[in-house]
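> here's a sequence, model it:
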Amino acid sequence: MPELPEVEVTRQGLAPSLTGARITQVRLGKPLRWPLGVAPERLVGLRVQGLRRRGKYLLIDLSEGLLLIHLGMSGSLRFAPQLSPAGVHDHFEMQTDHGSLRLHDPRRFGAVLYAEGPQDARAHKLLDGLGMEPLGGDFDLARFRAGLRASRQAIKQLLLSGRLVVGVGNIYASEVLFVAGIRPTAPACSISAPRAARLHAAIRQVLAQAVRQGGSTLRDFSGIDGNAGHFQLQAQVYGREGQPCRVCGTAVQALRQGQRSTYFCPRCQR
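Numbers count the residues shown, from 1 in each chain. Here you go, the predicted model:
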């Protein structure tokens, strides 16, 4: 599933080309998770004023309203002056005077949703419950520590929930906890202040590194140029069950948490 680094890579790739573009046509394919929420022709003539990201949502600010895009389980965006004919898994295409933006999503769990503005109820429903942005200036250590102390949930599950901090998906949660030296099953409230500070720093470090490496491609994700991400190739523990830890040589172990696979080093993570 594309997570924060993949969406940020997409945003960075799109912003220079798409900002200032005028929409000339919108085409819809098979239904996605939610309806667009507006007649496609109503978007024609609007201009793209900028691109932002909130958690795993890409926000395209228009001269009237905004588009919220979620890549779901298997989505990716392409942008080019001219794209090849749409295929069976291409479900949204926005043509502009700068080029065409297309959502490719084989599993159709993604979404493109129009909102009248930041105060639109649909935008509020999707964005209001999201936690702190880990790569932004509001990722406050004191607030992070308070959130840990208030939860008895296993630390990996709390990170995945997105309520305290957004964007720490499954692969990144395993990697973050390895860097911080914390066992994924540890109750969040049991994490001491020094370990919380290490975890806070590790979240920033791992996610920023993933963005620099183009994100992770486990199945479907690729950037707007079609290139895969490379972070997964340098993972310390994720997907390495039975292989030696790159730090201490102990075999990496795996367990199931909330229907997701978790990887950790039993020696480095206490």
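> quick one: the helices in the stretch 1-150 of the chain?
With DSSP state H, counting those that start in this stretch as the definition, the stretch 1-150 of the chain shows helices at residue ranges 4-18, 121-127, 141-149.
> which one of those lies nearest to Glu64?
Judged by CB to CB, the one of these that comes nearest to Glu64 is helix 121-127, at 14.0 Å. Any C-beta I mention is one placed from the backbone N, CA and C, and that applies to glycine too.
> please save the CA atoms from that closest one in PDB.
What follows is helix 121-127, C-alpha atoms only, in PDB (Å, rounded to 0.1, in the frame of the first residue of the first chain):
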ATOM      1  CA  ALA A 121     -17.700  18.100   5.200                       C
ATOM      2  CA  ARG A 122     -16.100  15.500   3.000                       C
ATOM      3  CA  ALA A 123     -12.700  17.000   3.500                       C
ATOM      4  CA  HIS A 124     -13.300  17.200   7.300                       C
ATOM      5  CA  LYS A 125     -14.400  13.600   7.500                       C
ATOM      6  CA  LEU A 126     -11.200  12.300   5.800                       C
ATOM      7  CA  LEU A 127      -8.600  14.700   7.300                       C
END
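> show me what it packs onto, helices and strands only.
Contact partners of helix 121-127 among helices and strands, from 3 or more CB pairs under 8 Å, 6 or more residues apart in numbering; DSSP states H and E: strand 66-70, strand 111-115.
> buried ones in that helix?
Within helix 121-127, the residues scored as buried using 16 or more other CB atoms under 10 Å are Ala123, Leu126, Leu127.
> could you dump those residues to TSV with pLDDT?
Formatted as TSV, the entries for these read as follows, by pLDDT from 0 to 100:
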residue	pLDDT
Ala123	92
Leu126	92
Leu127	93
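> in JSON lines: these, plus distance to Glu241.
Compiled in JSON lines, the buried residues of helix 121-127 are given as follows (distance: CB to CB, whole Å):
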{"residue": "Ala123", "distance to Glu241": "40"}
{"residue": "Leu126", "distance to Glu241": "35"}
{"residue": "Leu127", "distance to Glu241": "36"}
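> out of the helices of the stretch 1-150 of the chain, deepest packed?
Per residue and on average, the most neighbours among the helices of the stretch 1-150 of the chain fall to helix 4-18, with a mean of 21 (mean count of other CB atoms under 10 Å).
> same question for it, mean pLDDT?
Helix 4-18 carries an average pLDDT of 91.
> that helix: how far from the chain's middle?
Between the mean C-alpha location of helix 4-18 and the chain-wide mean there is a distance of 11 Å, by CA atoms, centre = their mean, to the nearest Å.
> separation between Val211 and Leu71?
Here Val211 is placed at a distance of 15 Å from Leu71 (CB to CB, to the nearest Å).
> more neighbours, the two?
Relative neighbour count places Leu71 above the other of Val211 and Leu71, with 25 against 20, counting by other CB atoms under 10 Å.
> how about the nearest residue to that one, chain neighbours excluded?
Spatial nearest neighbour of Leu71, chain neighbours left out: Pro2 (4.1 Å); criterion: CB to CB, 6 or more residues apart in numbering.
> can you check Arg108 too?
Across the structure, with CB to CB, 6+ apart as the measure, the residue nearest Arg108 apart from its sequence neighbours is Leu32 (5.6 Å).
> my guess is that neighbour contacts Asp105. True?
Yes: with contact taken as CB atoms under 8 Å, Leu32 and Asp105 are classed as touching, separated by 6.9 Å.
> now for these two: what residues contact both?
Common contact partners of Leu32 and Asp105 (CB atoms under 8 Å, 6 or more residues apart in numbering): Gly72, His91.
> these two: which has the busier surroundings?
Set side by side, Leu32 and Asp105 show more neighbours around Asp105, with 26 against 22, by other CB under 10 Å.
> residue contacts, Cys265?
Residues near Cys265 by CB under 8 Å, 6+ apart: Phe178, Gln236, Val237, Cys245, Val247, Cys248, Thr250, Val252, Gln253.
> now the fourth one. Nearest residue, chain neighbours left out?
It refers to Cys245. For Cys245, the closest residue by CB to CB, 6+ apart turns out to be Cys265, at 4.2 Å.
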